[in-house]
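Novice: Model the structure of this input:
(chains A and B)
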Amino acid sequence: MEDGEIDEGAMVVDDEDAQSAVQLKIERSAHEMLEESKASVEDTVAKILSIKKEGQPKSLVRELVTQMFLHFITLRQANRSILLEEDRVKAETERAKAPVDFTTLQLHNLMYEKNHYVKAIKACKDFRSKYPDIELVSEEEFFRDAPEDIKGKTLSKDSRHDLMLKRLHFELFQRKELCKLHEKLELQKKKLLDAIANRKKFLSSLPSHLKSLKKASLPVQNQLGVLHTKKLKQHHLAELLPPPLYVIYSEFLAQKEAFCENMDLEIVGSLKDAQAFARQQANKDTGISTNVESSRLEDDAPDEEDDGQRRRKRPKRVPSKENLDQEGLYQVHPLKTILHIYDDEVSDLKSAKLITLKFEYLLKLNAVCVGIEGSHDGSENNILCNLFPDDAGIELPHQAAKLAVGDALTFDEKRTSRPYKWAQHLAGIDFLPEMSPLLTSHGAPSGETAKSDAVISGLSLYRQQNRIQTVVQRIRSRKKAQLALVAQLDLLMKLRWPAVTCESVPWALHNPVCNLHGWSTVGHQSIQALSLPVVETEQVRESIDADMNGRSGTSKEELESAREDGELPSLVPSASVTGDVKLNRLKGSNHEHSRQLTLISKSLVPPISKTKSQSFKKPDDDLDLMLDTDSDQDGPAYIELESENTATQYYEMGEKSWVNYGAKEFCLVLTRNMDTDQRIWKLEAKIMFGMEYPLRPPHFALSLYNKSSGGNHSESDGSEWYNELCAIEAEVNLHILKMLPVGQENYILSHQVCYLAMLFDYFVDESSRSSEKRRGISVVDVGLSKPVSGRLLARSFRGRDRRKMISWKDTECNSGYPY
Amino acid sequence: MVLTIRGRNRHDGPAYDIKFYGHGEDTLLLSCGDDGRIRGWRWKEFTNSDVPIPLQGNQVKPVLDLANPQHKGPWGALSPIPENNSIDVNMKGGSIFSASGDSCAYCWDVETGKIKTVFKGHSDYLHCIVARNTANQVITGSEDGTARIWDCKSGKCIQVIDPAENTKLKGFFSCVSCIALDGSESWLACGRGRSLSIWNLPASECVSRISTRASVQDVLFEDNQILAVGAEPLLSRFAINGAVLSQIQCAPLSAFSVSIHPSGVTAVGGYGGLVDAISEFGSHLCTFRCKCV
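Specialist: Next up, the predicted model:
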């Protein structure tokens, strides 16, 4: 077709030349012309085809071919004009393209430049300065504090930057200043350290100076009585004490300092031995720590350097000591605590020393023993017996010790110091009573038992706080009583009437007519026979307990508490019957019962207030009880034992009883010569008292003899005067307690002897006097000189039991009332 | 028997004697003592009471309470209240006889509580009294050593019995501490010190006189025999003629009282609140001790 078009084009050009008239038309719309020519060609072809098909004449075709050619020429022209037009448009486009290219290039350049700048800006933006990390002073502070030369300078045009720079400068400036200060201070510190080191050196050298000073001051201390060094030494020794003794030492010391108790404490014994012992103990306990221990000990004893040097040789001897350990059950710790007790009532500055106790610790038996320092005979030692009920000190306090001793259940009595229970309590060695407290109240209903138990435990808790005070108080009163007793016994030994200073009792006013004929100590055998009344006493107390029980539970507790504190009952006389076996059994069980009671009580120590009020003043409820018993039973109780059988029974009981430990018995003989019928009345009184005097007052057992002065034969009138003797015994043993003035307790023996003498006088007088008319009192009113009507009859006796009445006026006693 | 009754409503001090008054439901227990009072208690209240014995003292109240008069001295001074040492009763007459410490015996009317008669004449205080109701008499024994027989109607002393007459004084002056009448009320036993004398009252004659080791403190007739106790642990049995029939050991070392039950059991009360019950054959039945309540 291309060829065809070119052909046609050529033809068109030909046509163009030919047909310039229509050129405009073609020019304007060559494409329309092309379209039209194409359509007319297609029409002509279609007409030719139809003529050929229809077989029409060829003429027609000629015409048509001419027309066709014409159409071809126009076609060519059209094509040519189109091509020309195309060339022109192409050239035109080429011309327009050059500026576009240039502009594009320019655009690219600009874009590149822009990117470059953006990058630079970003890099600038990302730049980090150091200044935010530096802590700067705040702006206000800067303006306030910065010096002018920093503030005045202008470092940058930007005001903010300028400010920041200035602030940084200021900061630098400040920091430099501080560095300088720091250096200066360091210097000062170093100087001070030097000074301190110097002074330390001085201080370390000071103790030796002081020690020499102390040594030099010793004579002065002794001179002035300031025993500072001694005290220090004691404290050092105290550290080596075995724990029980240490407890005793510290407790007593505290008591002394807190209450200004009039006593002194010291520790005696060899320091070296004690240290050796302590080391030995440490060896046993931990095999390793020996060195540490000993070095510590050496540190503890800077004073004893010379000792320390010698001690280094000692450890060799320790093994030999160990052998010794096995030998002696009674091995004693080398250190002992000595306690001096002074009289607390003397107002002088230097009060008399009453007694000195020595506490020692038995290592094997774990018991603390107490003895009287400076005395070695047994009688002195007994002073500490029964300070509290059932504490004679002849029995080892705890079961463990008893087992250790083995067969010999009692403590070696030959030793001067004994393991009293109170000493164990003081030393903090608490132990259980051998029998359960519950057992003792077997008869009581369980509720009450529990209650009383609670009461007891509460009491014990409370009371244990006052152990020391109580013990010291007791020892003091015991010693005073013993001193008073010895004085009284001395007087009696010399057969002189004891002096009774108190004036408010009748026997002090009475001038004895009878003679103090004899006073002698009675051997040991009869003591056991005489232990009977004590046993009975307990029995009677038991029965009273039961009575109280019946009345009210509380009163029973009161009673028990009154007794628990070791307040021993004063002798309550009782009737006794020995004929019947049944009765004896009754007594036995009662005795046991009371023993159990004391077992409870032994662990309790009374509060001091109680002791004060009770030990010197008989407790009121006890008094009441005694009143009860005596008015019922009308008299006292000792009677000669009838049958050998019962006597031995009591013998056994008496031996067991702790009450009689260390008891003494004396025989007092009073005689009265009757001039009228030449007869001699002889009153023999067996007086027994235990270590608890005067808590348990001496017990008098009377027998009466009556002989004519001519003949030698003396007949016992015991049964004939039985009622009278009983009455006298009751008076002397029991009723005297009610009349005894306060403060005279220690002299109760004197009072009793005087009272006995007076009663004996009256008895003899009455018995010898023949029937006597009753005296009456008649009075004359002197002014009226006529008798005032009315008479009062005087009587000497009253009641079916013929109780004697004694009245006294000022300094004289008489029988009968009104007198 | 010496016994003690104590408590709020009871005697102040020792009680010396008790006696029953009346029979059956209305029986009164009379007691007297050192406080000079005679008190009567309803026996039924004691026996029927279900209150435990220790508490009875506070609950049972005496239905009778008689107090001895006090003697007037110069300027209105009053003597101490004399004690009652012994009582006896005459139920027919409604009387209580008391032996008092002011050397008088009193006859009290139970109904009115007043003193009907005063028997005055002894020179010292009275220890014992027995009523001889068949003859309307009372017999008293005194500290002055004599016993007297009084007529209740007149209040006069009929006879003075001096057990010590015709005997020399033996050292100690003694009082008439106990007297007893036998069932027929014609025999009188009178204990004075260490002797016991038996009197025939119709004949007013001393039949026999017995000496004892210790002073006699209580005496009792049992049929034709006399039981006596004293300040020794012995219960003695005598015949009227003074022969010793038996002597039995008893528990109290000093016996204050003896009494006998119709069954023949003897009770001896004595020192220390001890009571010994002895069978008619002389064996000890039991021994017990009275306790303070």
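Novice: Could you use CA atoms for every contact and neighbour count after this?
Specialist: Fine.
Novice: what about residue B:176, neighbour count?
Specialist: The tally of other residues near residue B:176 (other CA atoms under 10 Å in any protein chain shown) stands at 27.
Novice: what's the closest non-adjacent residue to it?
Specialist: Leaving aside its chain neighbours, residue B:176 sits nearest to residue B:192 (4.2 Å; criterion: CA to CA, 6 or more residues apart in numbering or on different chains).
Novice: I'd like the mean pLDDT over the helix or strand encompassing residue A:473, please.
Specialist: Using DSSP states H and E, residue A:473 falls within helix A:467-493. Per-residue pLDDT over helix A:467-493 has a mean of 83.
Novice: if I pick the residue nearest to residue B:176, what's in contact with it?
Specialist: Contact partners of residue B:192, counting by CA atoms under 8 Å, 6 or more residues apart in numbering or on different chains, are B:145, B:163-164, B:174-178, B:215-216.
Novice: Any chance of a markdown table for the residues you listed, columns distance to residue A:68, pLDDT and secondary structure?
Specialist: Supplementary listing: the contacts of residue B:192 in a markdown table, determined by distance: CA to CA, whole Å; pLDDT from 0 to 100; DSSP: H, G, I helix; E, B strand; the rest coil:
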| residue | distance to residue A:68 | pLDDT | secondary structure |
| --- | --- | --- | --- |
| B:145 | 216 | 86 | coil |
| B:163 | 220 | 78 | coil |
| B:164 | 221 | 73 | coil |
| B:174 | 214 | 77 | coil |
| B:175 | 212 | 84 | coil |
| B:176 | 212 | 89 | strand |
| B:177 | 209 | 89 | strand |
| B:178 | 208 | 91 | strand |
| B:215 | 210 | 85 | coil |
| B:216 | 209 | 89 | strand |
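Novice: Which one of those residues is nearest to chain A?
Specialist: Checking the contacts of residue B:192 against chain A by CA to the nearest CA gives residue B:215 as the nearest, at 6.9 Å.
Novice: Pull the contacting residues for the nearest residue to residue B:234 once chain neighbours are set aside.
Specialist: Spatial nearest neighbour of residue B:234, excluding adjacent residues (CA to CA, 6+ apart): residue B:249 at 4.7 Å. If you count contacts by CA under 8 Å, 6+ apart, residue B:249 has them with B:233-235.
Novice: Out of those, list just those in strands.
Specialist: Within those, residues falling in strands by DSSP state E are B:233-235.
Novice: Could you report the neighbour count for residue A:206?
Specialist: 12.
Novice: In the stretch 151-293 of chain B, which residue sits nearest chain A?
Specialist: residue B:272 (4.2 Å).
Novice: ok but that residue is inside a helix, no?
Specialist: No - read with DSSP: H, G, I helix; E, B strand; the rest coil, residue B:272 is coil and lies in no helix.
Novice: who does residue B:100 bridge with?
Specialist: Using DSSP bridges, the bridge partners assigned to residue B:100 are residue B:84.
Novice: same question but for residue A:521, I mixed them up
Specialist: The residues that residue A:521 bridges to, once DSSP bridges is applied, are residue A:666.
Novice: dump the residue contacts of it.
Specialist: Counted by CA under 8 Å, 6+ apart, residue A:521 has contacts A:664-667.
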